[in-house]
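Asks: what's the 3D shape of this:
(one chain, ligands or ions: 2)
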Amino acid sequence: MKITSAEFILGATHVRQLPKDGVKEVAFLGRSNVGKSSLINKLCGRKSLARSSTEPGKTREMNYYLINRQFYFVDLPGYGYAKVPEQVKSSWGKLIEQYLKGRDQLTLVVQLVDARHEPTELDMMMVGWLDYYSIPFLVALTKADKLPTSKMPRFVEEARQRFARFDCCKEVVPFSSISGIGKNEVMKIISTHLE
Ligand SMILES: Nc1nc2c(ncn2[C@@H]2O[C@H](COP(=O)(O)OP(=O)(O)OP(=O)(O)O)[C@@H](O)[C@H]2O)c(=O)[nH]1
Ligand SMILES: [Mg+2]
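Replies: Ligands and ions are numbered 1, 2, ... in the order given. Predicted coordinates for the structure are as follows:
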């Protein structure tokens, strides 16, 4: 599948604001600054469709993008940014759990984890939720361009083993929004799930 059109639809801070059209969606989940917006931009071949920035915690809303006039990409707010006030963190957690729990049209989640680091506790909590709610997900190991090529196979293998115990984990793919590595594979998995 090739992405030929992508348009911003809405930003939501509450599940009641989400589209009610039943259109299938793919959501992007990961800690703040891990590269969610950059990954969406890379998949869409657009520089600044999803707002990306050097300042973590920038994406505070669930941002909906209509892709090929067929399905949505949902850029979820990043978690785990220390400077966000407690109250925001807890309302964010509630929003995400409500979303994952009750969103029937959610077809696939792309869980982003930094390729260079071990997943955080919150990362593991998120994949735990995904598995619990039976939501298929793929793990994208982001910023793979920052990893020396010689280390890549071992890091990917370790990550595969770590996520293997989750039935809903469909694949672990190294990804870079700079080099484009992993783009085709991620797109392939997304199209398979949308069929
Ligand atoms: N080297 C490298 N840098 C990246 C990559 N992807 C994202 N970045 C950088 O990482 C920073 C954060 O990227 P974003 O895409 O804004 O991250 P995000 O997950 O959307 O962040 P929030 O919206 O704050 O949750 C930016 O400075 C990006 O340029 C990548 O694949 N390689
Ligand atoms: Mg973002």
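Asks: contacts, neighbours, all on C-alpha from now
Replies: OK.
Asks: Need the three-state assignment for residue 134.
Replies: Assigned with DSSP: H, G, I helix; E, B strand; the rest coil, residue 134 falls in the coil class.
Asks: So it sits against residue 168, correct?
Replies: Yes. Using C-alpha atoms under 8 Å, residue 134 makes contact with residue 168 at a distance of 6.3 Å.
Asks: Using CSV, list the CA coordinates for the strand with the most length in the chain.
Replies: Criterion DSSP state E: the longest strand present in the chain is strand 106-114. What follows is strand 106-114, C-alpha atoms only, in CSV (Å, rounded to 0.1, in the frame of the first residue of the first chain):
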residue,chain,number,x,y,z
LEU,A,106,-8.8,0.2,16.6
THR,A,107,-7.2,-2.3,14.3
LEU,A,108,-3.5,-2.1,15.1
VAL,A,109,-1.3,-0.2,17.5
VAL,A,110,2.3,0.7,16.6
GLN,A,111,4.1,0.7,19.9
LEU,A,112,7.3,2.8,19.7
VAL,A,113,10.4,2.0,21.8
ASP,A,114,13.8,3.7,21.4
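Asks: what's the average pLDDT for that strand?
Replies: The average pLDDT within strand 106-114 is 98.
Asks: contacting residues for the most centrally placed residue in the chain?
Replies: By C-alpha atoms, centre = their mean, the chain has its centre lying nearest to residue 28, at 2.0 Å. Residue 28 is in contact with 36, 73, 74, 75, 76, 109, 110, 111, 112, counting by C-alpha atoms under 8 Å, 6 or more residues apart in numbering.
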